[in-house]
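S.K.: got a predicted structure here, sequence first:
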Number of protein chains: 2
Amino acid sequence: MSIIENINKTFDNRVRLGIMAALMVNESVDFNTLKELLAVTDGNLASHIKALEKMDYILIQKQFIGKKTNTKYSVTKLGKMAFKKHIKALEQLITQQKKSK
Amino acid sequence: MSIIENINKTFDNRVRLGIMAALMVNESVDFNTLKELLAVTDGNLASHIKALEKMDYILIQKQFIGKKTNTKYSVTKLGKMAFKKHIKALEQLITQQKKSK
DNA sequence: ATTATAACTTTGCAATTCAAAGTACTTTTA
DNA sequence: TAAAAGTACTTTGAATTGCAAAGTTATAAT
């Protein structure tokens, strides 16, 4: 059993990690807020969002704010579990003990 | 200022993250131990090691154990700093507060 | 009617990742 | 002593990923 097998490949990327982190601490975050937060182009953001949605880690909700369209995202139960597992794996990785032998 | 700018791109990869983690808690680790620990092919490991060495994050030391060649690696001061900064950024990312407004 | 905003999709190139094969050198084994 | 095996790579090549830029659709403001 390798020490890195619990590290989720989906979260290898900084943008996806950032999206997930933002959604873990906020009930929902919209497209432009994420875009600003992560300093990425909209095409790039959209593609990472798509990747997370494909994994069923996040949920897309389209709405209107006044007369403007607004798309917001939230993390699913599965996404929460996956992210927590990832963080735990990172912690273990970092705090692992020296192995003797 | 983006919330992900302190996340080090070099550590986006699980293998490199694993190498660094192993070297942070062990004074040195040799090639075959890393290979086993991370469950990668030797070519793949060698290339990730090379990438870390190129950044001056790790140091290569060749020696003999008995009659066998043995290559071991250790983390440099720069590597330690970079890794710690990365971990700190991850922590901040995860524990960030809801921003109002 | 033109311009702007939102949230994309498409395109296409560049960088990354990885396994597999090849290499050089040494050592062990038959 | 010839063949096999181990160490630590390098090289090759193909697949995947990442990204910016441009294009798209639809509505809204001017």
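M.R.: Right, received. Where do you want to start?
S.K.: chain B contacts on chain A?
M.R.: Counting by C-beta under 8 Å from any C-beta of the partner chain, chain A comes close to chain B at A:2-5, A:7, A:9, A:12-15, A:17-18, A:21-22, A:24-26, A:37-39, A:87, A:90, A:93-98. C-beta coordinates here come from the backbone N, C-alpha and C atoms, glycine included.
S.K.: tell me which of these fall in helices.
M.R.: A:14-15, A:17-18, A:21-22, A:24-25, A:37-38, A:87, A:90, A:93-95 (DSSP state H).
S.K.: of those residues, which are in range of DNA strand D?
M.R.: A:14, A:15 (C-beta under 7 Å from any atom of the strand).
S.K.: taking the ones in helices among the residues of chain A next to chain B, please make a ChimeraX selection of just the buried ones.
M.R.: Typed into ChimeraX, the line below selects the buried ones among these, using 16 or more other C-beta atoms under 10 Å in any protein chain shown:
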select /A:14,15,17,18,21,22,24,37,38,87,90,93,94
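S.K.: and stretch A:21-36, what's its mean pLDDT?
M.R.: For stretch A:21-36, the mean pLDDT works out to 96.
S.K.: need the residues of chain A near DNA strand D, please.
M.R.: Counting by C-beta under 7 Å from any atom of the strand, the residues of chain A that sit close to DNA strand D are A:12-15, A:40-44, A:47-48, A:51, A:64, A:66-69.
S.K.: who's in contact with the spatially most central residue of chain A?
M.R.: Among the residues of chain A, the one closest to the centroid is residue A:20, at 2.2 Å (C-alpha atoms, centre = their mean). Neighbouring residues of residue A:20 by C-beta atoms under 8 Å, 6 or more residues apart in numbering or on different chains: A:11, A:52, A:57, A:58, A:75, A:79, A:83.
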